[in-house]
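**Q** Pasting the sequence and the predicted coordinates here, then a few questions.
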Amino acid sequence: MPAFPMFVDLSQKSVLIVGGGQIALHKAKALEPFGPRLFVVAPDVDTAFDEMPSVTVRRKEYSEDDLKGMDMVVAATDDYCLNAQVAADAGKHQLPVNVVDEPDLCGFYFGSMITEGDLTVAVSTDGASPAAARELKKRIREVLPRDVEASLAVMKALRPLVKRVYPDQKQRSRVLNGLTKRVMEADAVCEGETEKK
Ligand SMILES: C[C@@]1(CC(=O)O)C2=NC(=C\c3[nH]c(c(CCC(=O)O)c3CC(=O)O)Cc3[nH]c(c(CC(=O)O)c3CCC(=O)O)/C=C3\N/C(=C\2)[C@@H](CCC(=O)O)[C@]3(C)CC(=O)O)/[C@H]1CCC(=O)O
Ligand SMILES: NC(=O)c1ccc[n+]([C@@H]2O[C@H](COP(=O)([O-])OP(=O)(O)OC[C@H]3O[C@@H](n4cnc5c(N)ncnc54)[C@H](O)[C@@H]3O)[C@@H](O)[C@H]2O)c1
């Protein structure tokens, strides 16, 4: 059964990452744009974590106490038994857990993600093929308008005004759909002009 893609507000949330190597760092970088407080616990922690303001490092071995105050957990050590223990502890505390590369121990998966301003595209193959998820993400990125971030910023600014001017929901929906197409087309035209120069 495929997993449901739930877009969760992680700002003000605390995420524990157990493990401080390359894979833990990759997970931290994937989470960072979504604004959570990140806590990394491991005896050996990659120095790149020190450059990340949202990260608090605990240089020590994991213990169940580390779960206190957490909203979500990622197990990314190189020790399968420890990762399984983290998953079991998280279950006990009813915390959602991801164990890297171990779908059977996961309560949630990471998707293959594109983030551009307010846009998030996440591709999941439900673990069938992470390589295919990566390839599909690349292809999707190619068909996105180059300035999608700006288009969304314009639509976000216009939306309250349109809501005020068009109290009728159906009419408002038509106007917003029409405006969206025009804004995205205008971006495409500007892009062409920039390329000609
Ligand atoms: C999103 C991303 C991680 C991220 O970016 O954070 C991610 N895997 C990525 C890459 C990737 N992972 C692997 C390869 C090698 C090629 C291949 O195996 O296909 C590549 C490709 C590469 O590196 O080129 C190996 C691998 N991964 C899992 C297994 C276990 C198994 O298959 O049983 C194995 C085999 C280990 C072994 O061989 O022993 C399992 C999972 N990997 C997932 C996510 C979840 C399901 C995602 C989905 O729905 O498809 C899930 C279920 C759990 C999780 O980890 O969350 C990133 C997306 C691509 C991107 O955007 O770069
Ligand atoms: N590096 C890759 O490209 C890659 C790719 C796919 C899967 N993986 C898998 O992901 C896992 C992590 O890979 P990595 O490259 O980040 O490993 P790594 O060896 O760089 O890091 C392992 C981390 O686990 C920590 N750790 C060990 N015992 C601990 C304990 N008791 N408490 C807390 N932390 C502890 C270590 O301190 C270290 O920070 C491995 O199982 C690996 O097989 C790695």
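**A** Perfect, thanks for sending it. Numbers count the residues shown, from 1 in each chain. Ligands and ions are numbered 1, 2, ... in the order given.
**Q** Which residue ranges of the protein form strands?
**A** Using DSSP state E, the strands of the chain run over 14-18, 37-41, 55-58, 72-75, 97-99, 112-116, 119-123.
**Q** possible to save these as a markdown table with distance to ligand 1 and mean neighbour count?
**A** Every residue, glycine included, has its C-beta placed from N, CA and C. Shown next, in a markdown table, are the strands of the chain (distance: least, C-beta to the nearest ligand atom, whole Å; neighbours: other C-beta atoms under 10 Å):
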| stretch | distance to ligand 1 | mean neighbour count |
| --- | --- | --- |
| strand 14-18 | 12 | 25 |
| strand 37-41 | 14 | 22 |
| strand 55-58 | 16 | 18 |
| strand 72-75 | 9 | 25 |
| strand 97-99 | 5 | 23 |
| strand 112-116 | 3 | 17 |
| strand 119-123 | 7 | 15 |
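**Q** Which residues are in contact with the residue of the chain found nearest ligand 2?
**A** Closest contact between the chain and ligand 2, by C-beta to the nearest ligand atom, is at residue 21 (2.2 Å). Neighbour list for residue 21: 42, 44, 46, 76-78 [criterion: C-beta atoms under 8 Å, 6 or more residues apart in numbering].
**Q** any idea how far it is from residue 9?
**A** According to C-beta to C-beta, to the nearest Å, residue 21 stands 28 Å off from residue 9.
**Q** and what of residue 35?
**A** Residue 35 is 9 Å from residue 9, by C-beta to C-beta.
**Q** which residues of the protein fall in helices?
**A** Applying DSSP state H to the chain gives helices spanning 22-31, 80-92, 130-143, 148-165, 169-196.
**Q** Fine by me, we can end here.
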